[in-house]
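Model the structure of this input:
(one chain, ligands or ions: 1)
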Amino acid sequence: MSDVVTLERKGAIAVVTVNNPPVNALGIAVREGLQNSFKAAEADPEVKAIVLVCEGSTFIAGADIKEFGKPPQAPSLPDVVNGIEAGSKPSVAVIHGTALGGGLEVAVSCHYRIARKDAKVGLPEVKLGLLPGAGGTQRLPRLTGVAKALDMIVSGAPISATEALELGVVDQLIEGDLLSAGLAYADQLIAEGKGPRRTGERTDKLEGVDNAAAVAAKRAEIEKKMPGLFSPQRCISAVEAAFTLPLAEGLKRERELFAECLVSPQRAALVHAFFTERLASKVDGLAKDTPVRDVKSAAVIGGGTMGVGIAMCFANAGIPVKVLEITAEARDKAMQRARDTYGMSVKRGSLNEAALEKRMALISGVTDYADLADVDLVIEAVFEEMSVKQKVFSALDANCKPGAILASNTSSLDLNEIANFTKRPEDVVGLHFFSPANVMRLLEVVRGEKTADDVLATAMAIGKKLKKVAVPVGVCDGFVGNRMVFQYGREAEFLVEEGATPAQVDGALRKFGMAMGPFAMRDLSGLDIGLSIRTRQRQTLPAEFKLPLVLDKMAEAGMLGQKTGKGFYVYEAGSRTPLENPELPAILAAASKEQGIERRELSDEYIIERTIYALINEGAKILEEGIAQRASDIDVIYLNGYGFPAFQGGPMFYADAVGLDVVYAKICEFHEQHGAWWKPAALLEKLAKEGRKFADL
Ligand code: 3H9
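Take a look at the predicted model:
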């Protein structure tokens, strides 16, 4: 029929095969091929049933995301699926891998569905700022009932084949060869004289339940949990149409709502987030066929929270890992820490006892560097002090086998200096995990000036294996993420010295979409970290780089965040709920006075500009220096490590959306008012003056 969709006859059964690597997305050629194939099968008098099957690793994984925002091309996906459902011959979708989005919409327009046991199905459109636009919001509720369909469509989370069977989304689970299973199922339908069973004609699951109550509950939940998001409420409206309108009108309503989402800026930002995450794994200048070293075993130096978290990542990926501590007591404590952390997952129900034991069996505690002689990769996660790193890397150099990768988890020290503590700097790389390492997805892979290509390629591959989002970065203080966040945090502190309250700053940034406000975050991680950086800066920075005083004053008053029960907020014993700190206004007033500042009212808009533009300006400097290889990599770092809202696309995407001329003009204004920190990045100035974007680079 076409290059990507073929039609062949197997006796009385027409087999339609999609072969559009890598994920059989529904680009124009696939849509055309599907429509033509189903039409031809319908027209062929010899055909009694139709089987739809896919080549490669997955069933259709959705619409082709690259086509969004481009002029539409006929046939549209809704026309294709409506045509399939209207067919007079029973059709069977054979699902393997992931039937997602438009893929599941195609499957539920077929009259029957069978799925391999390990398959998953779902409607993840909401994660791209969309809603299922090819009948998914009308047909899924007819199979699962409204409440479950709302859960699936609004969360975007896929379900397992087993759950799909229980819910009636699929009719049978299969093993082995897909085509044989599809043909056998179709033969059975023919033998039993079963005809088309159109999902769109079903109403049984829509009746006798309080669907309006399910809709109201979901609306309230989303209003509370995701107030700034555009598409979830529209997903709900579309599902509502499934039980309030006849199918044809419901489909029309779905199309209208889909069109609204398609043109929303949030859709563009979320699609950017999807593609850039994948792009980040591609390292400029590193050949695709760069060999990768085999990593069958690993070790972590240091059994603190970070070290143990890293070790757990390896155990979770099935890789045996040793944790080295200097004393037997510290080693045993580290092992207990891992067990306790897994124990919490068991309590929450996300892990079972057997899995806990299996993972613990992969972690072993050691106290002697000689025990690391056979490991393929070591990650150092010890105290952030160069002399300590020197000791560790000299010991690793003396004990590890040739070819072992020696990695540092440093978050701020010079990786090149660390590498030179060994006689094999080419084997040294930075693997900067974020705390808690077993939870956070981001991994900055730091490329030292001597890091060998195959070591870098292996580090990126290991990141993927550990299910992290690995982003390559260059060497500088704080690398990409922390170097930028320092600017953001400092501006937030200045804002509370100028007149805002921590609650106002946190509130404005949460409204912007940040997962957490900077002050709640400070309290969580402890104010002493920021304070030690501040103290160091006070000694080293030229005088024109003014620094806030609030942290120093709080430390003097014994306020170090949650661990002291008092910080920018106060916390009742055993609680993490931030409450207003009654002693803070006096501290802020004193800091303002000492800085010679008259406190004033600040708007939320101003708070966002001061903090987010500080990120953008530093991001531009990082790009200029080649520390990040592309603007979108910076976005990936912020989306995955710093709670930046995906619907804003990341700081650099956000800057492009606001307009670099606007951002640059504001930064110039801040430079004049607030001095040296705000010196505009040369790259930002250049792009703004040329009318270009970061995305054009
Ligand atoms: C939709 O369906 C709308 C409809 O309701 C209505 C329409 C009217 N399109 O993730 P991977 C590329 S919205 C284009 O690394 P994995 C991806 O960029 C869609 N390209 O593999 C990458 O390219 P590259 C709803 C796509 O095995 C390569 O495939 N569907 C698409 O880790 C491999 O991807 C979704 O949201 C696409 N739809 O995971 C599903 N999907 O190699 C989105 C992937 O050049 N996709 N690519 O970097 C996924 O969740 C994962 O890709 C999947 C595979 C689980 C399928």
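
Let's see the pLDDT reported for residue 1.
Here, the pLDDT recorded for residue 1 equals 61.

can you list the residues of the protein near the ligand?
Proximity of the chain to the ligand, by Cβ under 6 Å from any ligand atom, involves residues 22-23, 25, 58, 61-66, 77, 98, 100-102, 105, 124-125, 128, 130, 132-134, 136, 275, 278. Where you see a C-beta, it was placed from the backbone N, CA and C, and this is true even at glycine.

List buried residues within these.
Buried members of the residues of the chain next to the ligand, scored by 16 or more other Cβ atoms under 10 Å, are 23, 25, 58, 61-65, 77, 98, 100-102, 105, 124-125, 128, 130, 132-134, 136.

coming back round to it: which of the residues of the chain next to the ligand fall in helices?
Among the residues of the chain next to the ligand, the members found in helices (DSSP state H) are 77, 102, 105, 136, 275, 278.

Now do stretch 646-662: everything it contacts.
Stretch 646-662 has contacts (Cβ atoms under 8 Å, 6 or more residues apart in numbering) with 129, 228-230, 265-266, 268-270, 272-273, 276, 484, 512-513, 612-613, 615-616, 619, 631-632, 634-636, 638-639, 644, 663, 684, 687-688, 691-695.

Only the buried subset of those, as a PyMOL command please.
Burial among those is assessed by 16+ other Cβ under 10 Å; the matching PyMOL selection reads:
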select buried, resi 129+229+230+266+268+269+270+272+273+276+484+512+513+612+613+615+616+619+631+632+634+635+636+638+639+644+663+684+687+688+693+694+695
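
so where's the stretch 551-697 of the chain uncertain?
Along the stretch 551-697 of the chain, no part satisfies pLDDT under 70.

nope, the chain is what I meant
In the chain (pLDDT under 70), the answer is 1.

domains of it?
With domains defined by automatic domain parsing, the chain comprises 5-262, 298-479, 486-696.

Contacts only, for the nearest residue to residue 576 once chain neighbours are set aside.
With Cβ to Cβ, 6 or more residues apart in numbering as the criterion, residue 576 has its nearest non-adjacent residue at 6.6 Å, and that residue is residue 562. The contact partners of residue 562, by Cβ under 8 Å, 6+ apart, come to 523-524, 526, 571, 576.

Now intersect the residues you listed with the helices, please.
Filtering these for helices - DSSP H - leaves 523-524.

my guess is residue 450 meets residue 424, correct?
No: when contacts are counted by Cβ atoms under 8 Å, residue 450 is not listed as touching residue 424 (9.1 Å).

Which one's more surrounded, those two?
residue 424 (19 against 16; other Cβ atoms under 10 Å).

Provide the secondary structure category for the closest residue to the more buried one other than its chain neighbours.
Once flanking residues are discounted, residue 424 sits nearest to residue 397: 6.7 Å by Cβ to Cβ, 6+ apart. Here residue 397 is recorded as helix under DSSP: H, G, I helix; E, B strand; the rest coil.

measure residue 397 to residue 432 for me?
Distance of residue 397 to residue 432, computed by Cβ to Cβ, to the nearest Å: 21 Å.

Ok, residue 487 next?
Distance from residue 487 to residue 432, by Cβ to Cβ: 18 Å.

what does residue 9 give?
Applying Cβ to Cβ, the value for residue 9 to residue 432 is 57 Å.

Could you check which of residue 487 and residue 432 has the larger neighbour count?
Just comparing residue 487 and residue 432: by other Cβ under 10 Å the higher neighbour count belongs to residue 432, 25 against 21.

Which strand or helix spans the nearest residue in space to that one that is not next to it in sequence?
Closest residue to residue 432 apart from its sequence neighbours, by Cβ to Cβ, 6+ apart: residue 444 at 3.9 Å. For residue 444, the host element (DSSP states H and E) is strand 442-446.

Count the residues that sit near the closest residue to the ligand within the stretch 301-450 of the chain.
Residue of the stretch 301-450 of the chain nearest the ligand, by Cβ to the nearest ligand atom: residue 441 (13.2 Å). Residue 441 is flanked by 16 other residues according to other Cβ under 10 Å.

in terms of contact, does it touch residue 640 like I think?
Yes: assessed by Cβ under 8 Å, residue 441 is found in contact with residue 640 at 4.7 Å.

list residues touching both of those two?
Common neighbours of residue 441 and residue 640, counting by Cβ under 8 Å, 6+ apart, are residue 469.

quick one: the residue nearest in space to the middle of the chain and residue 537, what's the gap?
The centre of the chain sits closest to residue 640, judged by Cα atoms, centre = their mean, with a distance of 5.3 Å. For residue 640, the distance to residue 537 equals 27 Å [Cβ to Cβ].
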